[in-house]
Every structure is written in structure tokens, then in C-alpha cells.
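*Asks:* with the sequence up front, the predicted model follows.
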Amino acid sequence: MTLRSTARARSAPGRARAVAIAVALTVAAAVVASGVPAPAAADTPRWQRLSPPPTMPAPAAEGVVTIGDARLRWARHGAADAPPLVLLHGGMGSGDDFAAQLPALAAHFRVIVVDSRGHGRRTRGQGGLGYHAMAEDLVAVLDHLGLARGAVLGWSDGGIVALDLAIHHPTRVDRLVVTGVNTDKAGTRSTAGSATFKAYFARAVKEYRRLAPDPRQLAAFRKDLRAMWKRQPAYTEAQLRTIVAPLLVLHGEHDELVRRDHAERLAAVVARGTFVELPGVSHFAMWQDPDAFDRAALAFLTAP
């Protein structure tokens with residue numbers, strides 16, 4: 001097994017650096033403790049397989065928030081008096097993508113699952129798609145639920161939305177976990193030949209047709225997504241340095257989309273940033289090895 005973790009804090013002798021290093025070691029130990037098995041030589045490596053999550057369990061509560069001309073659905077899992085944790089899914093996905101994580105996370109948190117603008121059960125509205133607009137949508141959900149702040153876990157596009165939230169609304173974020181995240185276009189590779197991405201988008205189309213209020217909007221939705229991906233994200237290091245919340249960057253060893261050095265740089269730029277590489281998995285780490293993913297995220301989210 002290969003495991004690499006780094007941590008960096010802005011103040012040299014300060015307590016923040018010691019905390020960041022301690023968290024990095026705690027998260028690293030959690031990943032090792034998960035006992036990641038090596039696939040048999042004759043098998044397709046786990047990181048080249050797509051293992052979709054199980055069926056989403058019924059929520060303890062759910063509702064709809066109207067934001068301008070769009071309607072956003074939220075769902076709560078776990079105890080109503082537990083610390084809040086918001087889950088943000090990837091592009092073309094939905095909150096259902098976190099079904100494998102819910103049992104572990106809901107045991108510690110009041111987990112709020114949302115469908116981003118245009119995704120899943122959510123309508124798109126007329127304003128197009130953008131990460132900042134999605135982050136502002138999340139602020140409206142937090143306000144609707146009476147939550148002043150909370151932890152946020154975001155995967156892929158959801159991680160970019162989480163970063164935007166931490167940049168523009170720093171007081172709303174306690175801790176931040178992102179995975180499969182780039183902060184500008186230079187941080188990505190082409191996924192044109194990736195079988196896992198091809199399988200993911202095929203599944204995403206099927207899920208969209210199952211969940212969307214109007215499945216006929218699929219073509220328009222995909223057009224808006226492509227337009228967003230063409231120009232966004234484009235965060236500067238100066239913007240990223242304004243993030244004050246403790247940040248964990250989880251990176252799949254074989255991530256097909258995001259470069260490792262780019263993910264490491266994100267953790268280094270943020271003052272309280274921690275980088276952990278998850279071995280044997282790709283951009284879809286939370287599906288390919290949910291136990292290791294959950295252990296790493298929880299070690300960070302529940303640390304003192």
C-alpha cells in the first residue's frame with residue numbers, strides 16, 4: 001500500500017501548523033486502518049472499475065427551497081440535533097451519489113444532501129450554470145434550514161462549489177473536505193479515453209431521466225454544463241489563500257481528471273490545508289473504496 005500525506009500552515013511556529021500535521025497523521029492512519037486489499041493480478045484494477053452506490057435510503061426529513069425561478073430539493077439524514085454536514089455531488093450527478101457514505105456520516109452528523117442547480121430533482125432556472133451561483137444557492141438552503149454554519153464535503157464539481165462557498169462566505173464553513181477537485185483548467189487532464197468516465201456519464205444520463213422534474217431538459221442541461229466546464233473554475237491563488245476553514249484534500253491515486261500536483265498545491269496554498277492520497281482508487285474513490293474514503297473523511301471531520 002502507498003500512502004502520502006502533507007500538511008501546511010501559514011504561521012511558522014504557531015499552533016495551527018501542529019494541528020494541521022496532527023490531522024494529516026490521523027487521516028493517514030485512518031486510511032491505513034481501512035485495510036485496502038490489492039486486486040488479484042488477473043482482475044481489472046479497482047480504479048478502472050465503476051462501482052455505483054447502493055439505493056439511497058429514505059431521509060429523516062426533506063423539503064424544497066425556491067430560489068428565484070428554480071426549485072432546490074434538500075434531504076436530511078441523521079439526528080436533527082447533530083452537527084450539520086452538507087454533501088455536494090459531482091457534475092451531472094445528484095445527492096443520491098452519496099448513498100454509500102450516509103451510514104457512516106449520519107452516525108456523527110446531521111447530514112444535509114442537496115441536488116445542485118439543474119441536477120437530480122432540482123430545476124435549472126434561466127440563469128445558466130456556474131459554481132458561484134451554486135454556492136449562493138447553498139447559502140439560501142442554509143438560511144432556510146436555520147443553519148449559521150456547518151461542515152461541507154464536496155466531490156468533483158461539488159468540491160468546487162464548496163471552495164467557492166469558503167471563499168465568499170467564510171463564516172458559513174466549519175471544515176471542508178473536497179475530492180477530485182481542480183481550481184482552474186490547468187489542473188485537469190483529458191478524460192476522452194477513460195472507460196470509468198464513459199460509464200459514469202452513461203449512468204448519470206439514466207439517473208437524470210429517473211430523477212429530473214422534466215427529463216426533456218437533458219440536452220439543454222448538458223449544453224449548460226459544457227459551457228460552464230469550458231470556462232470554469234478559474235480561482236486565483238490569492239482567492240484560495242482567503243479560505244480560513246480547515247481543508248482536507250482527498251486525491252485518488254489514479255484520478256483520471258485531476259493532476260496530483262494540482263491537488264497538492266491546493267492543500268499547500270490554504271493555510272490550514274491537508275493533502276491525503278487514497279491508494280488504489282481514481283476520481284470515483286468514494287464508490288470504489290467507500291470504507292477508506294469514509295474513514296479518511298471522518299478522521300478529519302471529527303478531529304478535535
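*Replies:* Received the coordinates, thanks.
*Asks:* can you pull the poorly scored residue ranges out of the chain?
*Replies:* 1-42 (pLDDT under 70).
*Asks:* need the helices for it, in chain order.
*Replies:* 15-33, 102-106, 131-144, 157-168, 195-211, 218-231, 237-240, 260-269, 285-288, 290-301 (DSSP state H).
*Asks:* turn those helices into a markdown table, including mean neighbour count and distance to Gly63.
*Replies:* (Each C-beta comes from the backbone N, C-alpha and C, glycine too.) Below are the helices of the chain laid out as a markdown table (neighbours: other Cβ atoms under 10 Å; distance: least, Cβ to Cβ, whole Å):
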| stretch | mean neighbour count | distance to Gly63 |
| --- | --- | --- |
| helix 15-33 | 18 | 33 |
| helix 102-106 | 19 | 18 |
| helix 131-144 | 19 | 8 |
| helix 157-168 | 26 | 20 |
| helix 195-211 | 16 | 16 |
| helix 218-231 | 14 | 23 |
| helix 237-240 | 15 | 32 |
| helix 260-269 | 19 | 33 |
| helix 285-288 | 25 | 25 |
| helix 290-301 | 22 | 24 |
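*Asks:* which of those helices sits closest to Pro57?
*Replies:* helix 102-106 (6.1 Å; Cβ to Cβ).
*Asks:* quick check: the gap between the nearest residue to Leu250 once chain neighbours are set aside and Arg222.
*Replies:* In this structure, Leu250 finds its nearest non-sequential neighbour in Thr179, 4.1 Å apart by Cβ to Cβ, 6 or more residues apart in numbering. Per Cβ to Cβ, to the nearest Å, Thr179 is found 23 Å from Arg222.
*Asks:* now Ser116
*Replies:* Separation of Ser116 from Arg222 (Cβ to Cβ): 14 Å.
*Asks:* dihedrals phi and psi, Arg121?
*Replies:* phi -90, psi 0 (degrees, to the nearest 10).
*Asks:* look up the closest residue to Leu147, ignoring the ones flanking it.
*Replies:* Pro84 is the one closest to Leu147 (Cβ to Cβ, 6+ apart), at 5.2 Å.
*Asks:* can you check Arg124 too?
*Replies:* Leaving aside its sequence neighbours, Arg124 sits nearest to Gly118 (Cβ to Cβ, 6+ apart; 3.5 Å).
*Asks:* check contacts around that neighbour.
*Replies:* By Cβ atoms under 8 Å, 6 or more residues apart in numbering, Gly118 lies in contact with Ala70, Arg124, Gly125, Leu129, Gln217, Phe221, Asp224, Leu225.
*Asks:* what about it, distance to Leu240?
*Replies:* Between Gly118 and Leu240 the computed distance is 26 Å (Cβ to Cβ).
*Asks:* likewise for His119?
*Replies:* Distance from His119 to Leu240, counting by Cβ to Cβ: 25 Å.
*Asks:* swap in Arg172?
*Replies:* Computed as Cβ to Cβ, the Arg172 to Leu240 distance reads 17 Å.
*Asks:* same question for Arg260.
*Replies:* To Leu240, Arg260 is 17 Å away according to Cβ to Cβ.
*Asks:* count of neighbours near Gly252?
*Replies:* Neighbour count for Gly252, taken as other Cβ atoms under 10 Å: 26.
*Asks:* contacts only, for the residue nearest to Leu250.
*Replies:* Gly154, Trp155, Ser156, Gly159, Val249, Leu250, His251, Gly252, Ala285, Met286, Phe293.
*Asks:* okay if I get these as JSON lines plus distance to Gly91?
*Replies:* Formatted as JSON lines, the contacts of Thr179 follow (distance: Cβ to Cβ, whole Å):
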{"residue": "Gly154", "distance to Gly91": "11"}
{"residue": "Trp155", "distance to Gly91": "10"}
{"residue": "Ser156", "distance to Gly91": "6"}
{"residue": "Gly159", "distance to Gly91": "11"}
{"residue": "Val249", "distance to Gly91": "18"}
{"residue": "Leu250", "distance to Gly91": "17"}
{"residue": "His251", "distance to Gly91": "18"}
{"residue": "Gly252", "distance to Gly91": "16"}
{"residue": "Ala285", "distance to Gly91": "16"}
{"residue": "Met286", "distance to Gly91": "15"}
{"residue": "Phe293", "distance to Gly91": "19"}
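*Asks:* count of residues packed around the residue nearest to Leu147?
*Replies:* 20.
*Asks:* partner residues bridging it?
*Replies:* For Pro84, the residues forming beta bridges with it (DSSP bridges) are Arg110.
*Asks:* what sits against it?
*Replies:* Phe109, Arg110, Ile112, Leu145, Leu147, Arg149, Gly150, Ala151 are the contacts of Pro84 under Cβ under 8 Å, 6+ apart.
*Asks:* again, 10 Å this time
*Replies:* 76, 78, 109-112, 142, 145, 147-152, 174 (Cβ atoms under 10 Å, 6 or more residues apart in numbering).
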